[in-house]
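Undergrad: Have a look at this fold, sequence not included:
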Ligand SMILES: [Cu+2]
């Protein structure tokens, strides 16, 4: 028998011979029985143990007929279906014990709790993912710095206008720096042409965010006026730098540039200078990014610089 059914009642009729006869009936019928006073005891159907039977038997000794009513509430294995006699059932419960969805709506407290829990979970998940992404970017930057060639450093030279120009003047913009000499017959003009053409292309794309720079490795002959005449042949924004031999040597050392100019060379001497043939891309922090040699066509230079500018923009949110 189903002792959990809230709408079923069990009556236990104790006969004069003490045998028990169980009758399954409705709640309403039981109420009628109780109202007329025929039932002397009501007890749980689950409590209908041997102990309960003995209690009922004692009662039968003083009565010819003893009705024992047992209510069906007792220890139901499923507490959600436990039925309260006095309440007559919640308005949110159907006769079968299930909640009435039309009465409580779709957004139940349980659904609200799940909704909030899901929202909180998503919040922490995305925050964790964001932190992971940030750490990954930091790691990439560190790795990049660790693998970065030690090119660049302090220097102080003089521009074609006679002004002092130091490594601090590289900060805040991209730079392409070439080391050569004005009497170079072929290679230096070719490389400066290439570098100037790349800057012209980058100017079209971004405006003047890349500063082209020429550094003389022949200070004896490359005076300020000589450098001024020379750089004007390549690009209107090309900065020409020269200086004392020691200053030029220090700059070349900082940028890992080899040159063979004799220390005691005189302006009128006729000699060639053997030197490294690279120009360097330096970022707005004055840090080395890339070196371009004779094998790098102008298009490759432009593409590489654009790539670096794009990475810089992504990381800093600004172009320079
Ligand atoms: Cu040269």
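TA: Structure received. Small disclaimer: the values here were computed from a predicted structure and weren't measured. Numbers count the residues shown, from 1 in each chain.
Undergrad: Once you drop chain neighbours, what's closest to the residue in the stretch 1-150 of the chain positioned nearest to the ion?
TA: Among the residues of the stretch 1-150 of the chain, residue 149 lies closest to the ion, at 21.8 Å counting by C-beta to the ion. (C-beta placed from N, C-alpha, C; glycine too.) Spatial nearest neighbour of residue 149, excluding adjacent residues (C-beta to C-beta, 6 or more residues apart in numbering): residue 288 at 5.7 Å.
Undergrad: got a list of what the one you found touches?
TA: For residue 288, the contact set (C-beta atoms under 8 Å, 6 or more residues apart in numbering) comprises 148, 149, 150, 151, 152, 280, 281, 282.
Undergrad: same thing but at 7 Å, please
TA: Counting by C-beta atoms under 7 Å, 6 or more residues apart in numbering, residue 288 makes contact with 148, 149, 151, 152, 280, 282.
Undergrad: any low-confidence regions in the stretch 101-250 of the chain?
TA: Low-confidence segments of the stretch 101-250 of the chain (pLDDT under 70): 101-107, 131, 134-147.
Undergrad: Show me which residues of it are close to the ion?
TA: Contact residues (C-beta under 5 Å from the ion) of the stretch 101-250 of the chain with the ion: 180, 184, 187, 188.
Undergrad: out of those, who has the most neighbours?
TA: Most neighbours among those, by other C-beta atoms under 10 Å: residue 180, with 25 neighbours.
Undergrad: any idea how far that residue lies from residue 315?
TA: Between residue 180 and residue 315 the computed distance is 33 Å (C-beta to C-beta, to the nearest Å).
Undergrad: circling back: ok, which pair from the residues of the stretch 101-250 of the chain next to the ion is furthest apart?
TA: 180 and 187 (7.5 Å; C-beta to C-beta).
Undergrad: per-residue confidence at the closest residue to residue 262 other than its chain neighbours?
TA: If the residues on either side of it in the chain are set aside, residue 262 comes closest to residue 271, at 6.8 Å by C-beta to C-beta, 6+ apart. You'll see residue 271 listed with a pLDDT of 89.
Undergrad: All the strands of the chain, in order from the start?
TA: In the chain, the strands defined using DSSP state E lie at 8-14, 20-26, 39-44, 66-71, 156-159, 164-166, 174-180, 210-216, 239-242, 279-282, 288-292.
Undergrad: Any chance of JSON lines for the contacts of residue 288, columns neighbour count?
TA: Converted to JSON lines, those look like this (neighbours: other C-beta atoms under 10 Å):
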{"residue": "148", "neighbour count": "13"}
{"residue": "149", "neighbour count": "11"}
{"residue": "151", "neighbour count": "18"}
{"residue": "152", "neighbour count": "23"}
{"residue": "280", "neighbour count": "21"}
{"residue": "282", "neighbour count": "24"}
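Undergrad: Closest one of those to residue 205?
TA: Nearest to residue 205 among the contacts of residue 288, with distances taken as C-beta to C-beta, is residue 282, at 18.5 Å.
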